[in-house]
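Colleague: Need coordinates for the following:
(chains A and B)
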Amino acid sequence: KAGVTQTPRYLIKTRGQQVTLSCSPISGHRSVSWYQQTPGQGLQFLFEYFSETQRNKGNFPGRFSGRQFSNSRSEMNVSTLELGDSALYLCASSLGRGEAFFGQGTRLTVV
Amino acid sequence: GQQVMQIPQYQHVQEGEDFTTYCNSSTTLSNIQWYKQRPGGHPVFLIQLVKSGEVKKQKRLTFQFGEAKKNSSLHITATQTTDVGTYFCAGSNDYKLSFGAGTTVTVRA
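Modeller: A predicted model of the protein is given here:
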């Protein structure tokens, strides 16, 4: 079966702009989580959605938001981009509390 | 909030030697998962431990979950060049995975 698909793979944005990243989970997976990965901070949890509801949220500013659609696809949005938002954004899907399957990630560079 | 600490941050290993990476949580965990991320890749699930004191083996990898469900370890025997990468533990509570900072492993042939 197809894995987790994230688009786009690479993105370059300017400070102050906003960006939307997309994640298509594995078919049948209703849980989608987002993580920010940077060399200095490791994998930081952003939020988790299940059946269109946000069940948990990490410690990120309100500029980071997300949503999940009825087909379980998810998007995350970052507004008013800052240089420090440059990172690899990873999406993971799962059936619930078990194994998480990660996508290849979106590499965001803010200049 | 929940914090997961992982040590060491870096592990340089001679091929054929053993090593261990340790993971400690500030709170009791529902379960703990381990992932491996190869350079340039994404994290790939290795295993999940649920029960207190649980030990699981995958070939040369041995995973342990502490009695108090607050710590875990991954021991690799006879390290090979294919073991290169970053190993993450992730503690699970409330539909949230809290990742440790990872142990980045390099192997000297």
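
Colleague: okay, CA-based contacts and neighbour counts for the rest of this
Modeller: OK.

Colleague: Surely A:Ala100 and A:Ser93 touch.
Modeller: Yes: counting by CA atoms under 8 Å, A:Ala100 touches A:Ser93, with 5.6 Å between them.

Colleague: Please identify which of the two sits among more neighbours.
Modeller: Between A:Ala100 and A:Ser93, A:Ser93 has the larger neighbour count (other CA atoms under 10 Å in any protein chain shown), namely 31 against 22.

Colleague: phi, psi of the more buried one?
Modeller: phi -120, psi 150 (degrees, to the nearest 10).

Colleague: how far away is it from B:Thr103?
Modeller: 23 Å (CA to CA, to the nearest Å).

Colleague: Given the helix or strand B:Thr62 falls within, what are its sheet partners and their directions?
Modeller: Here B:Thr62 sits within strand B:61-65, counting by DSSP states H and E. With DSSP bridges as the test, strand B:61-65 is paired with strand B:55-58 (antiparallel), strand B:71-76 (antiparallel).

Colleague: Mind jotting down where the strands sit in chain A?
Modeller: In chain A, the strands defined using DSSP state E lie at A:5-7, A:10-13, A:19-24, A:31-38, A:42-50, A:53-57, A:64-68, A:74-78, A:87-94, A:101-102, A:106-110.

Colleague: Repeat that for chain B.
Modeller: B:4-7, B:10-14, B:19-25, B:31-37, B:44-49, B:55-58, B:61-65, B:71-76, B:85-93, B:96-99, B:103-108.

Colleague: Kindly calculate the angle that the fifth one makes with strand B:61-65.
Modeller: In terms of direction (axes from the mean of the first three to the mean of the last three CA atoms, to 10 degrees), strand B:44-49 departs from strand B:61-65 by 50 degrees.
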